[in-house]
Structures are given as structure tokens and as C-alpha cells.
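Sequence below, structure please.
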Amino acid sequence: MRLAELRGMDVTALACRASVAGAEITSVLKGGEPAPSLLRRLASALDLHASDLFVVADRQVPDDLAPLDPTAASAVGSLAWDLTYLPRAVPELHHLIRAMPQQPRPPGSPPSTPPSRRYPSGAGSLLLRLLHNRNPNWSGAAMYLFGIGRRDMLPASTIGMIGHGRKTLTPDLLAGFAAFLDISPHDLRALTGIDLTNTGRPIHPDAAEVAALVWNAHRLTADQLRQLDDRAHAMRHERAHELEPHLRCGYPGHTASSSFGSRCNA
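Okay, here's the model as predicted:
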């Protein structure tokens, strides 16, 4: 309802826009279980990703809305360096992501949530679950927070601590995460209760498109993301003259990146 009120809607207006009975929404507001069909309709009415509203409602995200390939989590993070430093990389890589064909979901049952990602309730928990809904793992989130959010580089374990409530999610940190999470600051404030109005530190100039790119990448397989990573590596060589010397690649081949910028270290 905080999200609806932010958009100037009461229960009646929200029900009308979602084409559902007002009593169905009222029942949920009184503690009833939201039906998956209701969450999908409400997400459309609120102009949110349907899977995000399942996360907000603390419900299991349906398979057809979840990231396509859970094994692609590390590959999403490996793009962070290129999106941060390579000239014109963001629009080019985003175009390639949108042009890639949709692959079938890998066979087998979805993996169960590991214990390390079973977060208690709280603002940090919600943030981390929204991030995982886009597929980045803790390491990837740390890379994007540093490169796109322009915040300090945090250890992956510290990202996990935020989710588990052992590190405070400050307004400044949330603003850094918001830079690559395609949810408006107003919605994040409504969802977390954290005021972002006085967080004026700069973020990456292409942050808005990076957020859209990260979202669109969640429909790709790990193999497709590795193809993107290879293209980004080639771009680093093609545009070496536009990079500061310490950012140029000293290795002509390609190896999987295990840490921020490690793929091309001289």
C-alpha cells in the first residue's frame, strides 16, 4: 500500500487499475496470503517487475519470472569492470544483451536457496533479495557498488552481512546500490523506510542504463554471458588508446575473472 499511496492510489483505485476486486486486496492487507495471480496484476498496476513484487511480498518467485540460469551469477559480476571503465561499453553491451535470443531454461529443478542467502526480515534482507532477483551474487554486488554506485569497495562477505542485518544499511549505501537496481529511490524509501534525500554523492553517469542492462541480463544463460565477457575483453584491446595506462590489458587472451578487473591485469 505504501507503493500505491506513493502513486496517489487508494485500495479502490489500485483494484481498478489492477482489474481485481477491492476485497481481494483488503484481505491481503489484513494478513491474508496473496495469490500469485494477484501479485502479477498488482505489479503491472504499480509499474514494477512482477518478480520484484513477489520478493517484496516474501513469496517464492515463480520459475517463469526467476533468473534463467542461476549458474550465471558470477558472469553477471564479471561485466562490472567493463561497464565501469570502458568507453561506450554500456550501450554496446546492452544492445548485445537485448539482441541475444531467448534460450530455454536449463533442465532440472531450480536449486534450493543456500543457507547463506536465507536472510532474516529487514531492509538489508529485502535489498539483497532484490539484487539476487537480478542474479548477481555477493561478489558481483560489491563490484557494481564500487564501479557504478561509486562507493567503497566492500568484501563480498560484507555484502552478505548487510543481508543478514549484521551491517547497517545506511542511506549512503542504499543510494549506491540503487544506482544499479532499476527501482526508483522513492520506491526504495517506501519499501525500506530509509530516507535517500540527502545522499548526494555522485554515481556512474551511465548508471540508469547499467541498471536496465543488469535486469535484462537475468534472462541469459551463463554461456551467453561468457560471450558478452569475451566481447568486452576484445573492446578493452580495441580501445586501449582511450584508457589510462594502468587500465590497459597486458594479456591478449581471455581467462575467467575471479576478482574485480583481474582478467586483464598487466
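
hey, let's count contacts and neighbours off CA atoms from now on
Fine.

Give the helix, strand or coil label for the residue nearest to residue 176 when sequence neighbours are not counted.
Distances taken as Cα to Cα, 6 or more residues apart in numbering place residue 149 nearest to residue 176, at 4.1 Å, with adjacent residues excluded. At residue 149, secondary structure determined by DSSP: H, G, I helix; E, B strand; the rest coil is coil.

show me the contacts for residue 149.
175-180, 202-204, 207 (Cα atoms under 8 Å, 6 or more residues apart in numbering).

Distance check, it against residue 76.
16 Å (Cα to Cα, to the nearest Å).

now swap in residue 232 and tell me
As judged by Cα to Cα, residue 232 and residue 76 stand 12 Å apart.

Comparing the two, which shows the higher neighbour count?
residue 76 (26 against 22; other Cα atoms under 10 Å).

Quick check, the more buried one in contact with residue 139.
No: between residue 76 and residue 139 there is no contact under Cα atoms under 8 Å: 10.0 Å.

what about the closest residue in space to residue 125 that isn't next to it in sequence, how many residues close to it?
Among residues not flanking residue 125 along the chain, residue 163 sits closest, at 4.2 Å (Cα to Cα, 6+ apart). As a burial measure, residue 163 scores 26 neighbours (other Cα under 10 Å).

Residue 100 too?
So residue 100, with other Cα under 10 Å, has 14 neighbours.

Next up, phi/psi of it, please.
phi -70, psi 140 (degrees, to the nearest 10).

For it, give me its contacts.
residue 224.

so for stretch 79-98, what's the average pLDDT?
Stretch 79-98 shows a mean pLDDT of 96.

Now do the buried residues in it.
79-87, 89-90, 93-94, 97 (16 or more other Cα atoms under 10 Å).

Would you mind putting these into JSON lines with secondary structure and distance to residue 153 alongside?
Converted to JSON lines, the buried residues of stretch 79-98 look like this (DSSP: H, G, I helix; E, B strand; the rest coil; distance: Cα to Cα, whole Å):
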{"residue": "79", "secondary structure": "coil", "distance to residue 153": "16"}
{"residue": "80", "secondary structure": "helix", "distance to residue 153": "12"}
{"residue": "81", "secondary structure": "helix", "distance to residue 153": "12"}
{"residue": "82", "secondary structure": "helix", "distance to residue 153": "16"}
{"residue": "83", "secondary structure": "helix", "distance to residue 153": "16"}
{"residue": "84", "secondary structure": "helix", "distance to residue 153": "13"}
{"residue": "85", "secondary structure": "helix", "distance to residue 153": "15"}
{"residue": "86", "secondary structure": "coil", "distance to residue 153": "19"}
{"residue": "87", "secondary structure": "coil", "distance to residue 153": "21"}
{"residue": "89", "secondary structure": "helix", "distance to residue 153": "21"}
{"residue": "90", "secondary structure": "helix", "distance to residue 153": "21"}
{"residue": "93", "secondary structure": "helix", "distance to residue 153": "24"}
{"residue": "94", "secondary structure": "helix", "distance to residue 153": "24"}
{"residue": "97", "secondary structure": "helix", "distance to residue 153": "26"}
